[in-house]
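Engineer: curious how this folds, go ahead:
(chains A, B, C and D)
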2 protein chains.
Amino acid sequence: MAYRKTAAEVRRLEAARERLVECATQVVAEVGWAQASVTAVADAAGIAAGSVYQHFPSKAALAVEVFRRAASREVDVLAEVLRSTDGSPVQRLARGVQVFARRALENRGLAHALLAAPAEPSVGAERLDFRRRYHALFAEVVREGIDAGLLPRQDGQVTAAALTGAVGEVLVDPLGAGRTPAPDPEDLLAELTALALRCAGARPESPP
Amino acid sequence: MAYRKTAAEVRRLEAARERLVECATQVVAEVGWAQASVTAVADAAGIAAGSVYQHFPSKAALAVEVFRRAASREVDVLAEVLRSTDGSPVQRLARGVQVFARRALENRGLAHALLAAPAEPSVGAERLDFRRRYHALFAEVVREGIDAGLLPRQDGQVTAAALTGAVGEVLVDPLGAGRTPAPDPEDLLAELTALALRCAGARPESPP
DNA sequence: GTCTATAGAAGGATAGAC
DNA sequence: GTCTATCCTTCTATAGAC
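Structural biologist: Residues are numbered from 1 along each chain as shown, chains lettered A, B, ... in the order given. Next up is the predicted model:
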């Protein structure tokens, strides 16, 4: 007689998997990909190391899932801000950059893991996709800004890529080695916003 | 009696290693890290796969060496342009961005491998260092621009990181999947230069 | 003759095809 | 699920330099 999972069992299994992904994400944010061993992750989730393989075929698959979840959250948040109906495209761009940066500064470990930390190739491939999604979002708002006459004519795709790269790169270094003295997060945020607007060609005195 | 290598032997050995690194670089540029197997690299160098291990303890060590060599070449070229005594800091910045981009567009495979292609963690770590060296170079010229009154007051470190990230990110996508239609390299170069100058806050009408 | 670099094949593991 | 193919690495025998 074939074994059939009951609904309760399925739910428990999914909950365990969910919990595993969440704990793994936290471990990665704290110690980085390199130090996030299967044992460390399993310990954090309160399960045996071997049990990880009940939910994922390999450590790499778990890492990819961790990356995808975290990246999607960031993309979703940015999308909501950039596509908001509140404010001009330029204002939304500024808010988008701020949100991008603020979230990174509030969870530096995770941001570093998403943006730059050395990781296995499978995660690296996800990272390329992650950045492309950022491009697409920025490209939308840049295009709106051009159409509204708030930004000069330009290749929106190029500007969008540049914004992604610029903001990402700025956030990586203070997250990594760090400067001395450590820059004040609020200063950094202001600097970064101004820089992004310059980058897109927004008039400096652009009003409310 | 202890065996001592003759000068000729040492030279031959170094030449073989050199040739191996060069061939490996070419293979990586052509097919990427993922496809650059030990056998493929050895074949390109005209040696047996096992012989690779006479020169490097592991494939990863060879990959790191390949990355370092190629990255150092790029950094050196950029340094020469940015530190040239010819032209204002802003002009040198523009030329630097152009050289950065032009070299990437002329050897897209290698540029993609250096900037973005998924690679093993050991290469990823080198990549972080590579980008930091770019920051440092851009930071110099931005600072000079500020001191000369050609650029507005700003955090040079932040701008330098942003320039690195922006140019790098813009170059990655056309190098990888590519857009349709493929953008004209000269247009891209002009767009990128303008963008970098905006990013640093250079006056648009800045003359010769 | 002695010592080493190289070639070539074997080992052990893993991923992909069927 | 099995089987093949390929990958990185190690091992051994050979050829070549001193």
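
Engineer: is chain B within reach of the helix or strand harbouring A:Glu22?
Structural biologist: Secondary-structure assignment from DSSP states H and E places A:Glu22 in helix A:7-35. Yes - for helix A:7-35 and chain B, the contact criterion (C-beta under 8 Å from any C-beta of the partner chain) is met by A:Trp33, A:Ala34. Backbone N, C-alpha and C define where each C-beta goes, glycine included.

Engineer: can you give me how far that helix is from the chain middle?
Structural biologist: Shown here is helix A:7-35, whose average C-alpha point lies 18 Å from the average C-alpha point of the whole chain (C-alpha atoms, centre = their mean, to the nearest Å).

Engineer: what's the domain layout of chain A?
Structural biologist: Residue ranges for each domain of chain A read A:7-56, A:64-200, as given by automatic domain parsing.

Engineer: list the buried residues for the helix holding A:Glu22?
Structural biologist: A:16-17, A:20-21, A:23-29, A:32-33 (16 or more other C-beta atoms under 10 Å in any protein chain shown).

Engineer: thinking again about what came up before, just put the domains of chain A in JSON lines and tack on mean pLDDT.
Structural biologist: Written out in JSON lines, the entries for the domains of chain A read as follows (pLDDT from 0 to 100):
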{"stretch": "domain A:7-56", "mean pLDDT": "90"}
{"stretch": "domain A:64-200", "mean pLDDT": "93"}
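
Engineer: how about the contacts made by A:Pro89?
Structural biologist: A:Pro89 makes contact with A:Val141, A:Val142, A:Glu144, A:Gly145, A:Ala148, A:Leu150, A:Leu151 under the criterion C-beta atoms under 8 Å, 6 or more residues apart in numbering or on different chains.

Engineer: and those residues near chain B, which?
Structural biologist: Of the residues in the contacts of A:Pro89, proximity to chain B by C-beta under 8 Å from any C-beta holds for none.

Engineer: distance of whatever residue of chain A ends up closest to DNA strand C from A:Ala160?
Structural biologist: Across chain A, the shortest distance to DNA strand C (C-beta to the nearest atom of the strand) belongs to A:Ser58, at 5.8 Å. A:Ser58 sits at a distance of 34 Å from A:Ala160 (criterion: C-beta to C-beta, to the nearest Å).

Engineer: between these two, which one's more packed in?
Structural biologist: A direct count of neighbours by other C-beta atoms under 10 Å in any protein chain shown for A:Ser58 and A:Ala160 places A:Ala160 higher, at 25 against 12.

Engineer: secondary structure element for the more buried one, which one?
Structural biologist: Going by DSSP H and E, A:Ala160 is in helix A:156-175.

Engineer: may I see the buried residues of the helix or strand just after that helix?
Structural biologist: Moving toward the C-terminus from helix A:156-175, the next helix or strand (DSSP H and E) is helix A:185-200. Applying a neighbour-count criterion of 16+ other C-beta under 10 Å, the buried positions in helix A:185-200 are A:Leu188, A:Leu189, A:Glu191, A:Leu192, A:Thr193, A:Ala194, A:Leu195, A:Ala196, A:Leu197, A:Arg198, A:Cys199, A:Ala200.

Engineer: same question, stretch A:157-175
Structural biologist: Residues A:157-175 are the ones in stretch A:157-175 that count as buried (16+ other C-beta under 10 Å).

Engineer: hmm, that stretch in reach of chain B?
Structural biologist: Yes - for stretch A:157-175 and chain B, the contact criterion (C-beta under 8 Å from any C-beta) is met by A:157-159, A:161-170, A:172-173.

Engineer: rebuild the domains of chain A as JSON lines, extending it with distance to DNA strand C.
Structural biologist: Converted to JSON lines, the domains of chain A look like this (distance: least, C-beta to the nearest atom of the strand, whole Å):
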{"stretch": "domain A:7-56", "distance to DNA strand C": "12"}
{"stretch": "domain A:64-200", "distance to DNA strand C": "9"}
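
Engineer: so which of those domains is nearest B:His135?
Structural biologist: Taking C-beta to C-beta, domain A:64-200 is the member of these nearest to B:His135, at 6.8 Å.

Engineer: and that closest one, end to end?
Structural biologist: 33 Å (C-alpha to C-alpha, to the nearest Å).

Engineer: now do stretch A:167-184
Structural biologist: Stretch A:167-184 stretches 16 Å from its first residue to its last (C-alpha to C-alpha).

Engineer: burial count for the residue lying closest to A:Gly32 once chain neighbours are set aside?
Structural biologist: Taking C-beta to C-beta, 6 or more residues apart in numbering or on different chains as the measure, A:Gly32 lies nearest to A:Ala117, with 5.2 Å between them; neighbours along the chain are not counted. Residues contacting A:Ala117 under the criterion other C-beta under 10 Å number 23.

Engineer: so the residue in chain A that DNA strand D sits nearest to, which state does it fall into?
Structural biologist: Among residues of chain A, the one nearest DNA strand D by C-beta to the nearest atom of the strand turns out to be A:Pro57. It sits 10.9 Å away. Assigned state for A:Pro57: coil (three-state reduction, DSSP: H, G, I helix; E, B strand; the rest coil).

Engineer: show me what contacts A:Arg127?
Structural biologist: By C-beta under 8 Å, 6+ apart, the residues touching A:Arg127 are A:Phe67, A:Ala71, A:Leu114, A:Leu115, A:Ala119, B:Pro118.

Engineer: doesn't A:Asp173 make contact with the fourth one?
Structural biologist: Just to be clear, that refers to A:Leu115. No - using C-beta atoms under 8 Å, A:Leu115 is not in contact with A:Asp173; the gap is 10.4 Å.

Engineer: around A:Thr39, how many other residues sit close by?
Structural biologist: When counting by other C-beta under 10 Å, one arrives at 11 neighbours for A:Thr39.

Engineer: picking that back up, format the buried residues of helix A:7-35 as JSON lines; extra columns: distance to B:Ala136.
Structural biologist: Formatted as JSON lines, the buried residues of helix A:7-35 follow (distance: C-beta to C-beta, whole Å):
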{"residue": "A:Ala16", "distance to B:Ala136": "47"}
{"residue": "A:Arg17", "distance to B:Ala136": "44"}
{"residue": "A:Leu20", "distance to B:Ala136": "41"}
{"residue": "A:Val21", "distance to B:Ala136": "38"}
{"residue": "A:Cys23", "distance to B:Ala136": "38"}
{"residue": "A:Ala24", "distance to B:Ala136": "35"}
{"residue": "A:Thr25", "distance to B:Ala136": "33"}
{"residue": "A:Gln26", "distance to B:Ala136": "33"}
{"residue": "A:Val27", "distance to B:Ala136": "32"}
{"residue": "A:Val28", "distance to B:Ala136": "29"}
{"residue": "A:Ala29", "distance to B:Ala136": "28"}
{"residue": "A:Gly32", "distance to B:Ala136": "23"}
{"residue": "A:Trp33", "distance to B:Ala136": "26"}
